[in-house]
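Q: Can you look at this prediction? I've put the sequence above it.
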Amino acid sequence: MPLILRLNIISLALFVLAGSPSPLRAAESVKVRVEGIQGELLQNVKALLAPPDALLQNDGVDKLWLEYYAAQAETKTRTALEPFGYYHATVTATLTGTEQDGFILNVTVAPGAPVRLSQVQIELRGSGSSEESLTALVADFPLKAGELLLHRRYEKGKEELLSRAQSLGYLDAVYTTHEVRVTTATKTARITLLLQTGHRYRFGQVTFQGAPLHPDNLLRRYLSFKSGAPFSYDKLGKSHSNLSGSGYFKEVTLIPLKDEAVDYEVPVRVRLTPAPGRTIRPGVGYGTDTGFRGSLSYKALNLFQLGHLLTVEGTASENFQGIAGRYVIPSPDSLKSLTGFQANLQREEVTSYLSTLVALEANRSQGFGSGLLGTAYLRLQYEQFTVGLQDSSARLVMPGLRFSGRRYDSITRPTSGYEYGFELRGTHRLLGSDTGFIQAIGEGTHLMPLPGRLTLGTRGKIGATWQDDPLAALPASLRFFTGGDTTVRGYAYKSLGTKDALGVVIGGRNLVQGSMELERAILDSWGISLFYDLGNAFQSFTDFRLYQGAGIALHYYTRVGGLNLSLARQLGVDDPGFRLHFTIGFQP
């Protein structure tokens, strides 16, 4: 005779399968021994038979409760086996032992033949019945005819189909039929699912509350949907993330008003609490390359009630001092599109050179698909520099293009992801510059997770300069140097490059550098890695040498970034030395 099993019949068993707390006090007085099964079946049976704390009273084990517990053991065991397709198990349970020595519940199981599916029937009805992504899920349902009846797969496939329908805007989607019919005589089962999608909802009017001084076009640039588009909770979540990450607001709430929908258009109410309009933030840090450093930044939001942004930051360390200001005009066309103006005044003194420069830049950034950001800019720069025995200056009018993309699974401790960048810049005397050149720079980083809590990180950078004038005409800030914490460990900061006749590093027109690092995660906040770096700056790709360094690094991760301590040894030189490197933050 057929037995109709709806989901609520086995919900308790599925809950146990997912995991439930294991009583400790009762388990010490009553032990459970199960024979005849293993693996997930054994695990689920033991979880469902775990002795409840109610068995214990102040003076010991409650005999009435114990007898009731033992009497239920056979039924509970069969229930625990059903999610795995075993409906014909033979179970015997006996209770032995004494209160003094402890009780033992002995359970013997003969699971028998499992139930197999004779038919899996899934039907879509409503306006979404021909939706391609829904029909694909129906075709790929995780249970097929002839397979074992596994309720966990059934629940997963059923939930995925309903969730997908709702994510596509079919908010009233519901299963009007959802049953598993088991025929005990033939040990077969049939699945019948009928999903009624209902009408497809769309986004309606969006109203903003709490930010009357922020222009409407600024607010709407952070929405990942437009009115009339299919309703999606995923797009609501993305919009919430965009608004929260904009920096303009300290609290963001998006409320879909489905009950107020007209013609299946759902209005959305956005409640905003603006962030402080003016902020000042100090910062301190340390790195082997820079020494101790401090910064002070000022940020002004929503200038002139137009959504414009002004940032000014002063930075000082042992070898670098500078102040930079940036004025940003967001574009309503795209989240990443903007127009910017910036000014820099900086002084840098390292072993290889001394440079003082002032620069003005106007740029236009445009966001593209898949996280790509493109920027066109025009930079005016005047620089005075000393490299080796050379004291000089350079005036540049320099246009350029930048392209970049970035995606990691975590900001503070990534184990998977990538970033890349490409820049092309140059100038000519016809533009009013003191020299002419074309320079191209490409770089990339990739993180790949491996088994055993390992992560393989690789990074590379290459730069090339085409120049008719001698290297001396190229200012220090545009020459290539390498060596240091994030380039070639084992060497001092910017200590590698072409040398002059006196052996002083003067930089190079071209650059090659790369790194490979294998990290093993330890506990929740620590990691240890082995690394190999190489690179150099040089004059010609037909004649160059790459310096190498290798070593071991220790990493400690916090919510604000990582602390990285590396011990590197030089390779391939006559008198190799060791060098410690210390950095704060994720170093791509």
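A: Perfect, I can see it now.
Q: Under the pLDDT cut-off, which ranges of the stretch 1-150 of the chain? List them.
A: For the stretch 1-150 of the chain, the stretches with pLDDT under 70 are 1-28, 58-59.
Q: where do the strands sit along it?
A: For the stretch 1-150 of the chain, strands defined by DSSP state E, counting those that start in this stretch occupy the ranges 2-5, 30-35, 56-57, 60-61, 90-98, 102-110, 116-125.
Q: So what touches the last one?
A: For strand 116-125, contacts defined as C-beta atoms under 8 Å, 6 or more residues apart in numbering pick out 85, 130-131, 134-135, 138, 141, 143-149, 161, 183, 186-197. Where you see a C-beta, it was placed from the backbone N, CA and C, and this is true even at glycine.
Q: One more: the fifth one?
A: Strand 90-98 has contacts (C-beta under 8 Å, 6+ apart) with 66-67, 70, 73-74, 77-78, 103-110, 112.
Q: top of those by neighbour count?
A: Counting neighbours by other C-beta atoms under 10 Å, Thr77 leads these with 25 neighbours.
Q: How about the contacts made by that one?
A: Here Thr77 is in contact with 34, 45, 48-49, 89, 91, 93, 107, 109 (criterion: C-beta under 8 Å, 6+ apart).
Q: Buried ones among the contacts of strand 116-125?
A: 85, 131, 134, 138, 141, 143, 149, 161, 187-191, 193, 195-197 (16 or more other C-beta atoms under 10 Å).
Q: Select from the residues you listed every entry located in helices.
A: 134, 138, 161 (DSSP state H).
Q: Now render these as JSON lines, adding distance to Gly572.
A: Conversion of those to JSON lines gives the following (distance: C-beta to C-beta, whole Å):
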{"residue": "Leu134", "distance to Gly572": "60"}
{"residue": "Val138", "distance to Gly572": "61"}
{"residue": "Leu161", "distance to Gly572": "60"}
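Q: which one of these is nearest Leu471?
A: The closest of these to Leu471 turns out to be Leu134 (C-beta to C-beta; 63.4 Å).
Q: so who does the closest one touch?
A: Taking C-beta under 8 Å, 6+ apart as the test, what Leu134 contacts is 124, 128, 161, 164-165, 168, 195, 197.
Q: Check the gap between the spatially closest residue to Phe368 that is not a sequence neighbour and Gln209 for me.
A: Sequence neighbours aside, Gly374 is the residue nearest to Phe368 in space, at 6.3 Å (criterion: C-beta to C-beta, 6 or more residues apart in numbering). To Gln209, Gly374 is 35 Å away according to C-beta to C-beta, to the nearest Å.
Q: same question, Leu95
A: 64 Å.
Q: which of the two has more neighbours?
A: Leu95 (15 against 12).
Q: Secondary structure class of the nearest residue to Gly549 once chain neighbours are set aside, three-state.
A: Counting by C-beta to C-beta, 6+ apart, Gly549 lies nearest to Gly490, which is 2.8 Å off, once chain neighbours are set aside. What DSSP: H, G, I helix; E, B strand; the rest coil gives for Gly490 is coil.
Q: can you pull the contacts of Gly490?
A: Counted by C-beta under 8 Å, 6+ apart, Gly490 has contacts 533, 547-551, 568-571, 577-579.
Q: From Thr465, how far off is Leu430?
A: Leu430 is 19 Å from Thr465, by C-beta to C-beta.
Q: Can you pull out the low-pLDDT segments for this structure?
A: Using pLDDT under 70, the flagged stretches of the chain are 1-28, 58-59, 370, 585-588.
Q: ok now do the most centrally placed residue in it, which residues does it touch?
A: The chain has Asp409 as the residue nearest its centroid, 1.9 Å off, counting by C-alpha atoms, centre = their mean. Asp409 sits next to 415-417 when contact means C-beta under 8 Å, 6+ apart.
Q: Narrow those residues to just the buried residues.
A: Buried among the contacts of Asp409 (16+ other C-beta under 10 Å): 415, 417.
Q: Output the contacts of Asp409 as TSV; include the columns secondary structure and distance to Gln342.
A: Shown next, in TSV, are these (DSSP: H, G, I helix; E, B strand; the rest coil; distance: C-beta to C-beta, whole Å):
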residue	secondary structure	distance to Gln342
Thr415	coil	34
Ser416	coil	33
Gly417	strand	28
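Q: picking up where we left off before, can you flag the buried ones in the contacts of Thr77?
A: Using 16+ other C-beta under 10 Å, the buried members of these are 34, 45, 48-49, 89, 91, 93, 107, 109.
Q: Between these, which sits nearest Ile323?
A: Leu48 (67.7 Å).
Q: how far away is that closest one from Phe84?
A: 13 Å.
Q: How about Leu236?
A: The value you get for Leu236 to Phe84, if C-beta to C-beta is used, is 38 Å.
Q: Then Glu361?
A: From Glu361 to Phe84 the distance is 65 Å (C-beta to C-beta).
Q: what about those two, which has more around it?
A: Phe84 (22 against 17).
Q: Run the chain-centre distance for the lengthiest strand in the chain.
A: In the chain, assigned by DSSP state E, the strand with the most residues is strand 390-408. Put simply, strand 390-408 sits 29 Å off its chain's centre (C-alpha atoms, centre = their mean, to the nearest Å).
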